[in-house]
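**Q** sequence? don't have it. structure:
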């Protein structure tokens, strides 16, 4: 039989990810010992990159999860960000992300 991977839901990005410290930061106050939002969402909110301190780690992690190349992930993100910034309500979204 294959190994059973326990999943945890990130309430921010609405994804189910493996319930490990690779995807969620530790939090002893939680019953499962992990934060309620994934590392990527936590670091997007704080403005700090996930992983070892560089945005390359986030891009590589996303690429692995989606089965894409890192280059394609970066190109897709840049394209989406340009479209988002052009939207009339983008300033509201960015203000909300800043806290």
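**A** That came in fine, so what should we check first? Bear in mind that the values here come from a model prediction, so they are computed numbers and not experimental data. Numbering: from 1, shown residues only.
**Q** so for stretch 81-95, what's the average pLDDT?
**A** On average, the pLDDT along stretch 81-95 is 79.
**Q** end to end, how far does that stretch reach?
**A** End-to-end distance of stretch 81-95 (C-alpha to C-alpha, to the nearest Å): 15 Å.
**Q** tell me which element the nearest residue to residue 73 once chain neighbours are set aside falls in.
**A** Excluding the flanking residues, the one nearest residue 73 by C-beta to C-beta, 6 or more residues apart in numbering is residue 63, at 4.6 Å. C-beta here means a position set from N, CA and C on the backbone, and glycine is covered the same way. Assigned by DSSP states H and E, residue 63 belongs to helix 55-66.
**Q** any idea of the angle the top helix by length along the chain forms with helix 55-66?
**A** The longest helix of the chain (DSSP state H) is helix 70-86. Using axes from the mean of the first three to the mean of the last three C-alpha atoms, to 10 degrees, the direction of helix 70-86 lies 100 degrees away from that of helix 55-66.
**Q** chain center to helix 70-86, what's the gap?
**A** Relative to the chain's own centre, helix 70-86 is displaced by 15 Å; criterion: C-alpha atoms, centre = their mean, to the nearest Å.
**Q** In contact with the residue most central in space within the chain, which residues are there?
**A** What sits nearest the mean C-alpha location of the chain, by C-alpha atoms, centre = their mean, is residue 40, with 2.6 Å. By C-beta atoms under 8 Å, 6 or more residues apart in numbering, residue 40 lies in contact with 13, 50, 58, 61-62.
**Q** What count of nearby residues applies to the residue nearest to residue 73?
**A** By other C-beta atoms under 10 Å, the residues close to residue 63 number 16.
**Q** Name the residues of stretch 4-16 that are buried.
**A** Of all the residues in stretch 4-16, those buried under the rule 16 or more other C-beta atoms under 10 Å are 8, 10.
**Q** Quick one: residues in contact with it.
**A** For stretch 4-16, using C-beta under 8 Å, 6+ apart, the contacting residues are 17-19, 23-24, 32, 34, 36-38, 40-41, 45.
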